[in-house]
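1. give me a model of this one.
(chains A and B)
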Amino acid sequence: MSVPIDDEAVNALQGALSAEHAALWSYTLILAFVPADQAAVARQDIAGHRTLRSQIEQTLTDVGARPVSAQPAYTTPVPVTDTLSAGRLAVTAEADALAAWRSVLEHTTNQQLRVAALKALSEGTVRASRWRAATGTAPTIPSLPGIVR
Amino acid sequence: MHPGPPPRPAAPRLTRRRALSLGLAAGGLGLAAPVLAGCAAASSDDGPDPLIPLVTRARSDAALVTAVITADPSLTGQLDPLRSARTDHATALEQEIARVAGTTAPATPAPAPTAPQAGADLDAVRQAVADAAREAAGLVGSVPTARAGLVGSVAACCAAYTTVLGAPQTS
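-> Okay, the predicted model is just below:
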C-alpha cells in the first residue's frame, strides 16, 4: 500500500516544475554572458534541470495532473549584463529551485517522492555552490539549502 | 516580451509562482513501485526525539573541525564554513526539538561532544561529514512533514561538503 501523491504533493511538484522552467530559461540567458569555462558548467546544469523537468512532468502526467507550462519570459532580480550578474542569476535560479524541492519534501509522506526530492535538493546544492563560488557569494555551500535567506 | 511580475519585496524571486489547484492521487516520480506502508510520518511515542542524534553529531563535527583547524591552521579557509554549517544545523535541530517538546529552552542538553583528539585530520572530517549526510538522509523518509525539509537540508548540505572535500582516503 503506497502513500498516494495527493493534491498537496501535486501542488508542491508543480511549484518545483515552475522553478525548473525558470532555471532553464535563466541558463539560456546566462550562456550568453559567461566565458567558456562557466558555459561548460552551465550546460551541465542545464542537463540536470532538463532531467528534473522531464521527471516531474512524467510524474504529474502519471497521476493525472496537467504539468504547468513555462512562462514566455521571467523577470530577473537585476538586469543581466555581464559575467557577474549572469552568475548571480544562476545563484538565484538555483536557490529558487532548492526552495521548491525542499517544499516537496515538506508536502508529501510518499517515501519515493521524498527520496527523489532529497536527491534533487542535494544535486542542486552542489550546482548552487559552484555559482556561489564563482560570484563570491558566501557561504559557498548554504547551511540549510532551500531556506530563503 | 511579456513584462514579468513585480519583484517581491523581500527576497528577490525569479520564479513566477501560481496558485495551483489540481487534483488526483496515487502514482510516482519513477514511483510506481509500492512503498513502505505506514512508515512515513509516524511520530511521537514518548521515546527520545529522533533528531537528538543529529544534534549530537553536528556538535561533535563542529568540535572535530575545531580540533583539526587547531592542529593545522592552513585548513581554516577550507573548513571553517563547515564548522559554521554544522553549528547552524545543531541550532536549527535543537529549535525543532524544542518546538515539538513544547519548551522554549534549548531542548537537549546534548552530551558534551567528546572532541576526538587523536586522528583529528582532514580525512576524519571527510569521514564525519559523509556519515552525517548518510544519517540525515536515512531519516528523511520517516520524519513528519514538518521536519522533512529541515532534515533534508541538513542532509543536502553535508552531501555537498562531501563532494567538495572528497571521499575519505582511508576507511
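2. what about the closest residue to B:L54 other than its chain neighbours, how many neighbours?
-> Nearest residue to B:L54 in three dimensions, chain neighbours excluded: B:L93, at 5.4 Å (CB to CB, 6 or more residues apart in numbering or on different chains). Quick note: C-beta positions are derived from backbone N, CA and C, even for glycine. Applying other CB atoms under 10 Å in any protein chain shown, we find 28 residues neighbouring B:L93.
3. going toward the C-terminus from whichever strand or helix holds B:L93, what's the next helix or strand?
-> Assigned by DSSP states H and E, B:L93 falls within helix B:76-101. As assigned by DSSP H and E, the chain's next helix or strand after helix B:76-101 is helix B:122-140.
4. for chain A, what are the low-confidence residue spans?
-> A:1-2, A:148-149 (pLDDT under 70).
5. what's the nearest residue in it when you look at chain B?
-> Here chain A gets closest to chain B at one residue, A:T75, 2.5 Å apart by CB to the nearest CB.
6. can you tell me how far the closest residue to A:A12 other than its chain neighbours is from B:V154?
-> Spatial nearest neighbour of A:A12, excluding adjacent residues (CB to CB, 6+ apart): A:H107 at 3.9 Å. Per CB to CB, to the nearest Å, A:H107 is found 18 Å from B:V154.
7. so between these two, which is more surrounded?
-> Set A:H107 next to B:V154 and count neighbours by other CB under 10 Å: B:V154 wins out with 31 against 23.
8. residues touching that one, list them.
-> Contacts for B:V154 (CB atoms under 8 Å, 6 or more residues apart in numbering or on different chains) come out as A:144, B:54, B:58, B:89, B:92-93, B:132, B:136.
9. thought A:A133 was touching A:R127?
-> No. Assessed by CB atoms under 8 Å, A:A133 is found out of contact with A:R127, at 11.2 Å.
10. neighbour-wise, which of these two wins?
-> Remark: of A:A133 and A:R127, A:R127 carries more neighbours, 23 against 16, as counted by other CB under 10 Å.
11. OK, contacts around that one?
-> Going by CB under 8 Å, 6+ apart, A:R127 touches A:45, A:48, A:94.
12. what's near enough to touch the residue most central in space within chain A?
-> Against the mean C-alpha coordinate of chain A, by CA atoms, centre = their mean, the closest residue is A:A97 at 2.9 Å. By CB under 8 Å, 6+ apart, the residues touching A:A97 are A:16, A:19-20, A:22-23, A:49, A:120, A:124.
13. ok, and the closest non-adjacent residue to B:S153?
-> A:L144 (4.2 Å).
14. tell me the secondary structure at the one you found.
-> Under the three-state scheme (DSSP: H, G, I helix; E, B strand; the rest coil), A:L144 adopts coil.
15. wait, it touches B:G152, no?
-> No. Counting by CB under 8 Å, A:L144 does not reach B:G152; the two are 9.5 Å apart.
16. between those two, which is the more surrounded one?
-> Using other CB under 10 Å as the criterion, A:L144 and B:G152 rank with B:G152 on top: 30 against 20.
17. mean confidence score for the one helix or strand the more buried one maps to?
-> Under the criterion DSSP H and E, the helix or strand holding B:G152 is helix B:145-165. Per-residue pLDDT over helix B:145-165 has a mean of 97.
18. which secondary structure state does the closest residue to B:D80 other than its chain neighbours sit in?
-> Using CB to CB, 6+ apart and skipping the chain neighbours, the partner closest in space to B:D80 is B:I69 (6.9 Å). With three-state DSSP as the basis, B:I69 sits in helix.
19. against B:A101, how distant is B:I69?
-> 33 Å.
20. residue ranges with poor pLDDT in chain B?
-> For chain B, the stretches with pLDDT under 70 are B:1-46, B:104-118, B:170-171.
21. rerun at 80
-> B:1-46, B:103-119, B:170-171 (pLDDT under 80).
22. quick one: the residue nearest to B:L54 and chain A, what's the gap?
-> 10 Å (CB to the nearest CB, to the nearest Å).
23. wait, doesn't that residue sit right on B:L51?
-> Yes. Between B:L93 and B:L51 there is a contact under CB under 8 Å: 5.0 Å.
24. element containing the nearest residue to B:L79 once chain neighbours are set aside?
-> Once flanking residues are discounted, B:L79 sits nearest to B:V65: 5.0 Å by CB to CB, 6+ apart. In the assignment (DSSP H and E), B:V65 maps to helix B:52-71.
25. name the residues of that helix that are buried.
-> Neighbour-count burial for helix B:52-71, counted by 16 or more other CB atoms under 10 Å in any protein chain shown, picks out B:52-69.
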